[in-house]
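Student: Sequence below, structure please.
(one chain, ligands or ions: 1)
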Amino acid sequence: MRLTADPGLCQGHQECLAEAPELFAFDDDSYQVVVRITEPSEEQLSAARAAVKYCPAFALSLED
Ligand code: SF4
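Tutor: Below is the predicted model:
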């Protein structure tokens, strides 16, 4: 599964960092999320799904 963030949609809420801090970083200059791990492991998938689900801007996707 591939985890991506759409910079055109990210509004810097940082809910994703709360859900999956190991998968994301935050760029204070652009005020946008950075995906640190684009291919989460099996163990990281539930956190990745939660981040996608709770992003208020629908900026994250997890696809095959
Ligand atoms: S929760 Fe969504 S909008 Fe907020 S920083 Fe993360 S990706 Fe961006």
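
Student: as a whole number, average confidence for the longest helix seen in the chain?
Tutor: Ordering each helix of the chain by length in residues (DSSP state H) puts helix 45-54 first. If you average the pLDDT over helix 45-54, you get 98.

Student: now that helix: how far from the chain's centre is it?
Tutor: Distance of helix 45-54 from the chain centroid (Cα atoms, centre = their mean, to the nearest Å) equals 8 Å.

Student: Repeat that for stretch 5-13.
Tutor: 9 Å.

Student: ok, now stretch 34-53?
Tutor: Distance of stretch 34-53 from the chain centroid (Cα atoms, centre = their mean) equals 7 Å.

Student: quick one: contacts of it?
Tutor: Stretch 34-53 is contacted by residues 1-5, 15-16, 19-20, 22-27, 60-62 when judged by Cβ atoms under 8 Å, 6 or more residues apart in numbering. C-beta coordinates here come from the backbone N, C-alpha and C atoms, glycine included.

Student: is that stretch up against the ligand anywhere?
Tutor: No. Stretch 34-53 is not in contact with the ligand by Cβ under 6 Å from any ligand atom; minimum separation 7.0 Å.
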